[in-house]
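S.K.: Quick one, what's the 3D model for this:
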Amino acid sequence: MFGTILISIVTLMHVYVFWRAVSVPFIKSRIPKKYIVGAGLILWILFYLGRVYGHHGGETLATVLEFIGMNWMAGLFLIFICLLAMDLITGFGMKKHHMSPLGIWQNPKMVQELGLTDKQVEGLKKADFAHREKCLELKSKLDVLHLELEKL
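M.R.: Now for the predicted structure:
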């Protein structure tokens, strides 16, 4: 019973960690998805064999498989906890991460508290739009460079 629960929990941790790994832009742009999924599957199989075959022990191979599987489970747990903590803090990516500091012109309460004049608000608005346009331009250039890198 314990073994079944442990395997189920570790399977869910594998799915979560490798799903998150595939979603990280740095990893996504450098490692094909099939390799990440393949690595996750191989590591899960090592854990499973270590748990099922190595649990009854006796043989050297069984001991080695269980050692590798349990050490991988420990590392996986640490990665899982870190990713889960970050996802909880960021609302699983739902929170707005990159709000422009120039966007205070959109908050009337902030404008009032700072005592900004209409001219200052208009200047912030123009600067905010110029900044966001530049960011979009640079992002599109970066996307083109990523595409050219993939061709190599």
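S.K.: how far does the longest helix seen in the chain sit from the chain's center?
M.R.: Longest helix in the chain, counting residues (DSSP state H): helix 118-151. The gap between where helix 118-151 is centred and where its chain is centred comes out at 24 Å by C-alpha atoms, centre = their mean, to the nearest Å.
S.K.: so where's the chain shaky on pLDDT?
M.R.: Along the chain, the model assigns pLDDT under 70 to residues 57-58, 93-102.
S.K.: Quick check: buried residues in the longest helix of the chain?
M.R.: Val121, Leu124, Asp128 (16 or more other C-beta atoms under 10 Å). Every C-beta, even on glycine, is put in place using the N, C-alpha and C of the backbone.
S.K.: likewise stretch 35-54?
M.R.: Ile36, Gly40, Leu43, Trp44, Leu46, Phe47, Tyr48, Leu49, Gly50, Arg51, Gly54.
S.K.: now do stretch 83-94
M.R.: So, applying 16+ other C-beta under 10 Å, buried residues of stretch 83-94: Leu83.
S.K.: Can you get me the centre-to-centre distance for that stretch and its chain?
M.R.: 9 Å.
S.K.: do the same with stretch 3-22
M.R.: 15 Å.
S.K.: what comes into contact with it?
M.R.: With contact meaning C-beta atoms under 8 Å, 6 or more residues apart in numbering, stretch 3-22 is reached by 27-28, 33, 36-37, 39-40, 43-44, 47-48, 51-52, 55, 73, 76-77, 79-80, 83-84, 87.
S.K.: coming back round to it: which one of the buried residues of stretch 35-54 sits closest to Glu137?
M.R.: Ranked by distance to Glu137 (C-beta to C-beta), these are led by Ile36 at 31.1 Å.
S.K.: Could you check how far that closest one is from Leu152?
M.R.: Taking C-beta to C-beta, to the nearest Å as the measure, Ile36 falls 20 Å from Leu152.
S.K.: How about Ile89?
M.R.: Taking C-beta to C-beta, one finds Ile89 at 36 Å from Leu152.
S.K.: repeat for Ala130
M.R.: Taken as C-beta to C-beta, the span from Ala130 to Leu152 is 34 Å.
S.K.: re the thing from before, return the subset of the contacts of stretch 3-22 lying in helices.
M.R.: Per DSSP H, the contacts of stretch 3-22 map to helices at 27-28, 33, 36-37, 39-40, 43-44, 47-48, 51-52, 73, 76-77, 79-80, 83-84, 87.
S.K.: Perfect, that will be all.
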